[in-house]
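**Q** No letters, just coordinates:
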């Protein structure tokens with residue numbers, strides 16, 4: 001079972017790993033911001049709606065699947081080049 005998991009992790013595209021890294025729910029980002037996390041606070045300050053997020057993602061050249069994943073409502077991406085949250 002461990003071997004299969006390792007193979008799956010290696011087979012995933014690098015962008016998947018980076019997209020998942022640093023993704024927080026809105027409530028997690030709010031809690032982190034309360035504890036002084038500047039990146040989480042910046043993400044919350046840059047909250048956008050889903051459609052604007054999808055359009056911006058596509059304009060930056062990402063494929064539809066990556067954009068749908070990155071623009072899930074209620075999630076924040078404080079580790080991105082431009083931190084942002086997507087409104088619920």
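**A** It's in. Note that the structure is predicted; figures quoted are calculated from it, not measured.
**Q** For the rest of this, base every contact and every neighbour count on C-alpha atoms.
**A** Noted.
**Q** Looks like residue 39 contacts residue 78 (just checking).
**A** Yes: if you go by Cα atoms under 8 Å, residue 39 and residue 78 touch, sitting 5.1 Å apart.
**Q** Who has more neighbours out of those two?
**A** Per other Cα atoms under 10 Å, whichever of residue 39 and residue 78 has more neighbours is residue 78, with 24 against 19.
**Q** Distance check, that one against residue 27.
**A** Remark: distance between residue 78 and residue 27 (Cα to Cα, to the nearest Å) = 13 Å.
**Q** show me where the chain has strands.
**A** Counting by DSSP state E, the chain has strands at residues 24-25, 47-48, 75-77, 84-86.
**Q** who wins for proximity to residue 64 among the ones you listed?
**A** strand 84-86 (16.4 Å; Cα to Cα).
**Q** strands paired with that closest one, and their directions?
**A** Counting by DSSP bridges, the strands paired with strand 84-86 are strand 47-48 (parallel), strand 75-77 (antiparallel).
**Q** Return the distance of residue 86 relative to residue 41.
**A** Going from residue 86 to residue 41 by Cα to Cα gives 14 Å.
**Q** Who has more neighbours out of these two?
**A** Legend: neighbour count by other Cα under 10 Å for residue 86 and residue 41, higher for residue 86 (25 against 21).
**Q** Could you verify my assumption that that one touches residue 72?
**A** Yes: the pair residue 86 / residue 72 is scored as a contact, 6.6 Å apart, by Cα under 8 Å.
**Q** Give me the common contacts of those two.
**A** Residues touching both residue 86 and residue 72 (Cα atoms under 8 Å, 6 or more residues apart in numbering): residue 50.
**Q** Now render the strands of the chain as TSV, adding distance to residue 54 and mean pLDDT.
**A** Formatted as TSV, these follow (distance: least, Cα to Cα, whole Å; pLDDT from 0 to 100):
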stretch	distance to residue 54	mean pLDDT
strand 24-25	18	94
strand 47-48	10	94
strand 75-77	13	95
strand 84-86	10	95
